[in-house]
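> Next one to model:
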Amino acid sequence: MLVFTLLISCKKNDTNETLKVGLVSGVGGFDDRGFNQLALQGLKLAGNELNVNVDSRGSTDTAAIRQNIDYFIQQNFNLIITLGYDATALTLEAAQKNPLVKFALIDDSPENIPTNMSCYAFRVDQPAFLCGFLAASWVGTIDPENPVAGWVGGPRVTSIEQFRVAYLAGIQYFNDKYQKEIQTLGAYTSSFSDTLQGVMIADSLINLGADLIFPFAGKTGNGVLYKTKEKGKWSIGVDIDQYFSIPEVADMLITSCLKKLDNTIYDLIKKTDSGEWEGNTIYFGSLANGKVDIAPFHNYDASIPDSIKNAINELRTGIISGSVSTGWNPLHD
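Now for the predicted structure:
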């Protein structure tokens with residue numbers, strides 16, 4: 001279990017108490033070089049800049065998530081932040097049993113949130129749509145005879161479907177716009193933390209013709225990136241700019257689909273410390289408020305035509321205004 005602790009002599013919040021913030025990772029722990037790592041970066045930044053007390057505990061499975069939540073409750077933490085779908089039911093249960101503790105769930109938006117709990121969800125369909133459009137353009141250029149854009153999703157839950165539906169919609173938008181026939185291949189995984197499974201699925205998709213693969217499967221997806229690199233294929237990163245977090249595969253990444261958890265967690269802690277806590281609330285990160293986006297094209301900036309860059313910018317504007325649909329219809333946001 002990875003445990004990060006940073007305890008600092010701090011200023012007082014509105015209740016004249018030092019704010020104590022605990023972060024519980026999702027399944028896979030903080031060394032996933034993606035979702036959980038990015039959340040930890042936001043916690044560290046808050047600990048350094050806001051003079052609050054922060055602590056974190058990594059989770060290998062859902063049992064560990066429960067144990068870690070209980071640990072922070074027992075240690076009298078004021079704000080407990082949990083990450084991902086696997087923590088949803090456990091966080092709701094803990095919040096209902098501990099009404100004097102504040103809880104924040106990142107990356108899910110369940111129903112019937114208690115007043116001591118807030119949720120932060122992300123319109124990842126928006127950048128995923130842009131990634132699909134870019135992927136279609138890329139494979140159409142590098143393999144005009146048989147262009148195939150692939151995907152690998154984590155377990156089939158709502159947040160994974162949000163990526164998949166919009167990514168495929170972006171590819172279809174490209175096909176319709178340019179009268180192309182970019183094909184798609186994809187598969188779900190059974191775990192967010194099995195890198196070897198990601199390697200095996202990616203190998204199968206590449207053997208079936210995939211020229212590029214976009215994994216949105218946590219640490220399992222990292223295995224996809226390693227295999228695409230090994231096979232001389234291309235990929236798209238997820239959550240964090242994986243050009244930097246996994247430099248071993250950087251030269252085969254055309255972009256990453258960003259979910260800015262670091263900024264979200266920093267802002268959450270800052271607001272809570274200043275007495276601006278709001279419970280029974282769901283916040284949505286979007287292109288409009290800058291909490292989701294696509295990463296720079298890095299090594300491939302010169303290889304992507306200006307016409308495609310301009311089209312992506314126009315699509316971004318259209319998504320923000322509502323004139324372009326990502327294909328994803330959220331129940332509430």
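> helices and strands around the longest helix along the chain, which ones?
Longest helix in the chain by number of residues, with DSSP state H as the criterion: helix 158-178. Counting contacts by 3 or more Cβ pairs under 8 Å, 6 or more residues apart in numbering; DSSP states H and E, helix 158-178 is packed against helix 125-142, strand 148-153, strand 183-188, strand 212-216. Just so you know, the C-beta spots here come from the backbone N, C-alpha and C atoms, and that holds for glycine as well.
> gap between L261 and I240?
8 Å (Cβ to Cβ, to the nearest Å).
> Find the residues that touch each one of those two.
F35, L38 (Cβ atoms under 8 Å, 6 or more residues apart in numbering).
> re earlier: for the longest helix of the chain, buried residues please.
Within helix 158-178, the residues scored as buried using 16 or more other Cβ atoms under 10 Å are 159-160, 162-175.
> In a markdown table, list the helices and strands packed on helix 158-178 along with mean pLDDT, mean neighbour count and distance to N299.
Below are the helices and strands packed on helix 158-178 laid out as a markdown table (pLDDT from 0 to 100; neighbours: other Cβ atoms under 10 Å; distance: least, Cβ to Cβ, whole Å):
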| stretch | mean pLDDT | mean neighbour count | distance to N299 |
| --- | --- | --- | --- |
| helix 125-142 | 98 | 26 | 13 |
| strand 148-153 | 98 | 28 | 19 |
| strand 183-188 | 98 | 17 | 24 |
| strand 212-216 | 98 | 29 | 14 |
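> Which among those is found nearest to N68?
Smallest distance to N68 across the helices and strands packed on helix 158-178 (Cβ to Cβ): 24.3 Å, for strand 212-216.
> Let me see the contact set for L261.
Going by Cβ under 8 Å, 6+ apart, the list of residues near L261 reads F35, L38, A39, G42, L83, I106, D107, D239.
> again, 10 Å this time
34-43, 83, 106-107, 120, 122, 239-240, 285, 291 (Cβ atoms under 10 Å, 6 or more residues apart in numbering).
> Could you list which of those residues belong to helices?
Per DSSP H, the contacts of L261 map to helices at F35, N36, Q37, L38, A39, L40, Q41, G42, L43.
> For the most centrally placed residue in the chain, give me the pLDDT.
Centroid-nearest residue in the chain, with Cα atoms, centre = their mean: D239, separated by 3.6 Å. Here, the pLDDT recorded for D239 equals 96.
> quick one, what contacts it?
32-39, 107, 122, 124, 216, 218, 221, 245, 256-261, 292.
> in the sheet, who's paired with it?
In this entry, D239 is beta-bridged to L258, by DSSP bridges.
> do the same with F284
A121.
> How much space separates it from W277?
From F284 to W277 the distance is 18 Å (Cβ to Cβ).
> which SSE is S56 in?
strand 53-59 (DSSP states H and E).
> for the record, mean pLDDT for that strand?
Here the average pLDDT along strand 53-59 is 98.
> What strands line up against that strand, and which way round?
Here, using DSSP bridges, strand 53-59 pairs with strand 3-6 (antiparallel), strand 20-27 (parallel).
> so how far is the last one off the chain centroid?
Read it as strand 20-27. Strand 20-27 sits 16 Å away from the centroid of its parent chain (Cα atoms, centre = their mean, to the nearest Å).
> That strand - what's its average pLDDT?
96.
> Next, the contact list for the nearest residue to S245 once chain neighbours are set aside, please.
Leaving aside its sequence neighbours, S245 sits nearest to R33 (Cβ to Cβ, 6 or more residues apart in numbering; 4.3 Å). With contact taken as Cβ under 10 Å, 6+ apart, R33 is in contact with 219, 221-222, 225, 237, 239-240, 242, 244-248.
> Okay, and the beta partners of the closest residue to T272 other than its chain neighbours?
Excluding its sequence neighbours, the residue lying closest to T272 (Cβ to Cβ, 6+ apart) is L79, at 5.4 Å. Taking DSSP bridges, one obtains V21, K102 as the residues bridged to L79.
> Per-residue confidence at L79, what does it come out as?
pLDDT for L79: 98.
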